[in-house]
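Participant: turn this into a model:
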Amino acid sequence: MISTKGRYALRVMIDLAEHSDGSYIPLKDIAERQEISKKYLEIIVKDMVSGNLLKGASGKGGGYKLVRNPEEYTVGEILELMEGSMNSVACLSDKGFSCPRKESCQTLPLWEEYDNMVHDFFYGKTLKDLYAPAPKKGKKKK
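Facilitator: Okay, here's the model as predicted:
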């Protein structure tokens, strides 16, 4: 199951992509638009900055912005940063896990196929696939 941390991280990334104008976006603005506690978002964005998904700046004019273009982020990389391994069973998730039944396990191919589908699904979707850019402000046509 994907936790609120992973789901909220996606919402933060979508919000930043939608409202990007090259400047830093204050966390309080994101929290208000997304109706998420600013305190909780502080924890989430700290991990996202450490994981090189976001840049942060403090002080006047500070906030957060994307490091790359929205089409360069996959949903999979965002979720894995926030959630850890997306594998369904320990023998596939933990490289140090030694299962004595690995060679004779009749269900292992099932879990491998399932994990591959999940991986391909999330890594096949980009951040840009999840939002519609805000319309550009400018002159209205008559």
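Participant: tell me what the lowest-mean-pLDDT helix or strand in the chain is packed against?
Facilitator: Between all helices and strands in the chain, the lowest mean by mean pLDDT, DSSP states H and E belongs to helix 90-93, at a mean of 83. Helices and strands touching helix 90-93, by 3 or more Cβ pairs under 8 Å, 6 or more residues apart in numbering; DSSP states H and E, are helix 108-123. In this view, the C-beta of every residue, glycine as well, is placed from N, C-alpha and C.
Participant: give me the distance between the helix it packs on and the centre of its chain.
Facilitator: The chain centroid and the centroid of helix 108-123 are separated by 19 Å under Cα atoms, centre = their mean, to the nearest Å.
Participant: who's in contact with the nearest residue to residue 130 once chain neighbours are set aside?
Facilitator: In this structure, residue 130 finds its nearest non-sequential neighbour in residue 14, 5.3 Å apart by Cβ to Cβ, 6 or more residues apart in numbering. The contact partners of residue 14, by Cβ atoms under 8 Å, 6 or more residues apart in numbering, come to 127, 130, 131.
Participant: wait, a helix at residue 14?
Facilitator: Yes. Judged by DSSP: H, G, I helix; E, B strand; the rest coil, residue 14 forms part of a helix.
Participant: and the pLDDT at it?
Facilitator: For residue 14, the pLDDT comes out at 97.
Participant: of the contacts of residue 14 - the most surrounded one?
Facilitator: For those, the largest number of neighbours (other Cβ atoms under 10 Å) sits with residue 127, at 23 neighbours.
Participant: does that one really touch residue 70, like I thought?
Facilitator: Yes. At 4.2 Å, residue 127 and residue 70 qualify as touching, with contact defined as Cβ atoms under 8 Å.
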